[in-house]
Every structure is written in C-alpha cells, then in structure tokens.
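Student: Provided below for reference: sequence and predicted model.
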Amino acid sequence: MTPIYSHRQKQTILRRHFRSTQSLFIFFSWRAAILTTLISCEAETLSDISVYELGEEFPGGTTTNNFLFGSNAFTMPVSNITPEHESLFFSGNGFFNQSWVQAPASTKNRDGLGPLYNARSCSSCHFKDGRGRPPLKHESHFSSLLLRLSIDGEGPHGGPVPDPVYGNQLQPFTILGVPAEGTPSVTYVHHPGLYPDGTPYELIHPTYEISDLAHGPMDSTLRISPRVAPSVVGLGLLEAIDEKKLLAMQDENDNNDDGISGRINWVWDVTSEALTIGRFGWKSEQPSVLQQSAGAFIGDMGITSHIFPIQPCTNFQLECAEARDGGNPELSDSILERVVTYTRLLAVPGRQRYNDPATLRGKKIFGDIGCASCHVPSHRTSTDFDLVELREQTIWPYTDLLLHDLGENLSDNRPVFDAMGTEWRTPPLWGLRFYRVVNGHQRLLHDGRARGIEEAILWHGGEAKYSRDEFKNISLEDRNLLVQFVESL
C-alpha cells in the first residue's frame, strides 16, 4: 500500500531526495539543454505523432515528478523548485488541505468559513490534488461537484447574470443560524448503443434537481451547469504558455477548413480590470491561477479576499448578510500567495508506458482520427514567466486551452463571457492515468457523466463529431489501443 505523507513528511522526503540526487538534477539540466535544441518551440505543429518524441515521458519538462507515484502522485512540487518557493509551497499545502472553521475561532488564520459554502477545504473537492466526481448511488450529498446558476442576460463585463435569489452558485451547506440554499440531486437515464461492428455500449445522461429551497422558487429562466472539480497539477505550466501561442492556435472561422474552430474566451480580470485571455475553468472563465483560487475561496468556502472582498449574499438572504465574518478580508494576502504558489507548482507525474509499441499504435490512431486537433500534445512555456522553475519548459498537456463546440448533447445552455452553452475548454489529459489510484474513479467530462475514456469520446459532438464517428468506425482492437494510449498519459 502506498504510504500517505503529511506535508511536513513530504518536505523532509523532498529535501533528502534533493541532497542524494544532485547528479540526477545535473543530468536533467543537461537533458533540458538537449531538448531545447532538438524540439521546436512551435511544438503544436508536430510532424509525426505516431512515433516516440524526445521528452514526452516528462510531461512537465524538467519540472516533472518522477519520484513519487501511486495514490500520492499529484502531491509533489516541481522537481526544480527553488528554496524560496519550496517554503511557500509546503506552507500553502497546509492551507490547501486543512479545514476552515466558522468565525470567531481561536484559529485566526483559518476562520471565516461561510456563511454559505460547498466545502470546508480546497482538498475536499480536489482530494490529494486530484479530480472530483458526481455522487454515487449510495451518496446523497455533493462533495466535489457543484452547480453554477445564472439567468437570461449578460453581466456588466459580459459574464453570466446570477440568480437574483440564490446567486451564481448553489451552496447547500451553511454555518449555524443561516439556512441552506437548497439540496441538489442527480438522476441518470441510461442510453444503450451499438458500434457499427455490433459491440454494445451504454451512456448515462444526468438530470439535476434542487429541492428544499430556503427562499422560494428560482427565476423562471434559471440555467444550471454542473461542474466537477478538476485535477490541479500543472496549472502553473498552463499559465506559463505564452499568450501569442494561444492567439496563433485559435481559428474561430475555421480558415484552414479542417472542421475545428477553437477560440479564446475573453474574460474579466478583476486585478487588471480588463478583458483578458481565459485559461482555467471548464469554460476558460478564469484568466489566472490567482483569480481561480480566490474565486474558489469565496464561491466554494465563503472566504473573502482582497480580490473578492464581498460575500455573495443576495438581498433575499438576510441571515447570510448578518452573519459574523472572520475579518475584512478573511483570507490574508500572505495565505492566498502561499495557496496560489502551491497550486502553480504542483508537478505533473511522469509517464511509464510512453514507448510501448501498443501505446505508440494508440497514439497514431489518436492523431489519425483528429483528436490531436484540439488535444494539442505539446507546447513550450514562456521565457519570462514570473516563476523561474516554469520557464522554457517543453510540456505535454494535450490541450490547446481553447473553446470548442462539442454539440447539444453536452450543452449546459449557460453562456459564460464568449463561451456559449455548447462550448467547453479542451481539458488537459496529463496525469489521467492516475485518477483511479488517486481518487478511486475515472469519471470524466465537466459533470462526470462519462465513466471512462470510451464514454467521454462517445459524448463528443459538434466540432468533435468527425473524430467520434471515426472512433466508432475503427475496429475494436484499434478502439482499445486508443483508450490504452490516453490511459498512459
């Protein structure tokens, strides 16, 4: 059984690892120089996806975690972390994993929970820095899946308009004296199908309902969007991809006539007070790890920060507005910086079956049927990113960070800035092979409806319809090879 380490134990292990493997890091530095020379910075235009490509076993470049796998595979810092950031990382790890409590409390650095919330800690949704899921049959509560809410219209910066009574997110938990907003539930309808070769499959379609509403009915135009908590490894590397490369990849009008028209979601950056490129969230609705983190603190745990200093209590939620807070703001800049540093410097685990003949055959099929058009394998990070560890890294996240139309079957009918209801950001695939061992499941897509890679592919429509149909039409052996390849990432 893989041991479970505390953040203090992990810090000790990491330091010992550094001291005992200095020569290994010299080797990685040498290898990075070779990679820089041999791999084009324009890594998006790969010449042949069917063969082994130098460095792909290190998805995070020289930041890759090749030290600790198993159930703790997502918990390690980048391998080249500096002493300054190492201290911030392990401090942030503590705040990421520890539960927050209702104010006032003796734990001044951790009080201010609520008054409305979805979780008591970041790790409640991102357990072991991994991926959440919808509730299973025997579970009645939503622990790592939440419901976004909005009504018809457009906000002042182009974002969604919150429900006037319940806000922009259903929060089923509260502190003492504050009524819970409502109780979410999900049911599934089973849809059997057949491949052209006669092989059966089954998809499940979710329907969400909210009962026990505390403040009366919701708006008649309410739109509900379920969102599973994604894995948080590699976020800093995705943030380090240069904006120019994202702009170069978008093809909003499909000018190259390949059926793929990925585009950027221009979203509101609270800090700069301007529209900027979205990178994070299921619809690329957040521009940075900082804003994503601060948004999760206020939305998921009810903890204010200098970025979001006001509790999202509506005019109908009097008890919420009158509840005692844990300070103004409740989250200090120092703690926020530590949590953001922690999430930016979580390392992507290395690959192990990258050069197997079967893996490479599956990789070729992945490219042949067009999956790599959106799940772009490789990128090169910026030369001047603010975290020195993440600069000039050749990375293999298998995403373009762009919005793509995936069809009506996956639509949430909820626009977010430029993203329409049918549009979703291409999720990165790195680390996917560890979901089962880290989080005990492989529920995929934005709401976790897919019970594995095969079902996730079968749900694709819109721009991905060609790739989905090609997947259906290839042989059972080739389908299995493609799935095995994705499971190797």
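Tutor: Yep, that arrived.
Student: contacts and neighbour counts: CA atoms only from here.
Tutor: Will do.
Student: Verify the contact between Ser140 and Thr187 for me.
Tutor: No - contact between Ser140 and Thr187 fails when scored by CA atoms under 8 Å: they sit 11.2 Å apart.
Student: I'd like the mean pLDDT over stretch 160-176, please.
Tutor: Per-residue pLDDT values across stretch 160-176 average out to 97.
Student: And for stretch 190-204?
Tutor: Stretch 190-204 carries an average pLDDT of 98.
Student: For that stretch, what is the distance to the chain centroid?
Tutor: For stretch 190-204, the distance between its averaged C-alpha position and the chain's averaged C-alpha position is 29 Å (CA atoms, centre = their mean, to the nearest Å).
Student: Checking my notes, Val267 in a strand, right?
Tutor: Yes - read with DSSP: H, G, I helix; E, B strand; the rest coil, Val267 is one of the residues of a strand.
Student: Now for it: which residues touch it?
Tutor: Val267 sits next to 157-159, 275-278, 285-287, 417-418 when contact means CA atoms under 8 Å, 6 or more residues apart in numbering.
Student: and what of Glu56?
Tutor: By CA under 8 Å, 6+ apart, the contact list for Glu56 reads 351, 354, 395-396.
Student: Can you tell me which of the contacts of Val267 are classed as buried?
Tutor: 158-159, 275-278, 285-287, 417-418 (16 or more other CA atoms under 10 Å).
Student: and of the contacts of Val267, the nearest to Leu149?
Tutor: Nearest to Leu149 among those: Gly159, at 12.0 Å, using CA to CA.
Student: Now do the contacts for the closest residue in space to that closest one that isn't next to it in sequence.
Tutor: Counting by CA to CA, 6 or more residues apart in numbering, Phe417 is the residue found nearest to Gly159 once chain neighbours are left out, at 4.5 Å. By CA under 8 Å, 6+ apart, Phe417 lies in contact with 157-160, 265-267, 285.
Student: Next, format those as a markdown table and append distance to Ala105.
Tutor: What follows is the contacts of Phe417, written out as a markdown table (distance: CA to CA, whole Å):
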| residue | distance to Ala105 |
| --- | --- |
| His157 | 37 |
| Gly158 | 39 |
| Gly159 | 36 |
| Pro160 | 35 |
| Asn265 | 41 |
| Trp266 | 40 |
| Val267 | 37 |
| Glu285 | 34 |
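Student: what ranges do the strands span in the stretch 251-400 of the chain?
Tutor: Per DSSP state E, counting those that start in this stretch, the stretch 251-400 of the chain carries strands over the ranges 266-269, 274-277, 379-380, 394-395.
Student: what lines up beside the last one in the sheet?
Tutor: Taking DSSP bridges as the criterion, strand 394-395 sits next to strand 379-380 (antiparallel) in its sheet.
Student: Now do the strand it pairs with, average pLDDT.
Tutor: For strand 379-380, the per-residue pLDDT averages 98.
Student: Figure out how far that strand is from the centre of its chain.
Tutor: Counting by CA atoms, centre = their mean, strand 379-380 is centred 19 Å from the centre of its parent chain.
Student: Which of the three states applies to Asn480?
Tutor: For Asn480, the assignment made with three-state DSSP gives helix.
Student: Beyond the worst-scoring helix or strand of the chain on mean pLDDT, next helix or strand please.
Tutor: When each helix and strand of the chain is scored by mean pLDDT, DSSP states H and E, helix 22-38 comes last, with a mean of 37. Using DSSP states H and E, the helix or strand that directly follows helix 22-38 along the chain is helix 83-97.
Student: neighbouring contacts of that following helix?
Tutor: 7-8, 11, 77, 121-124, 335, 337-342, 345.
Student: Which of the residues you listed are buried, as a PyMOL select command?
Tutor: In PyMOL, a selection of the buried entries from the contacts of helix 83-97 looks like this (16+ other CA under 10 Å):
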select buried, resi 7+11+77+121+122+123+124+335+337+338+339+340+341+342+345
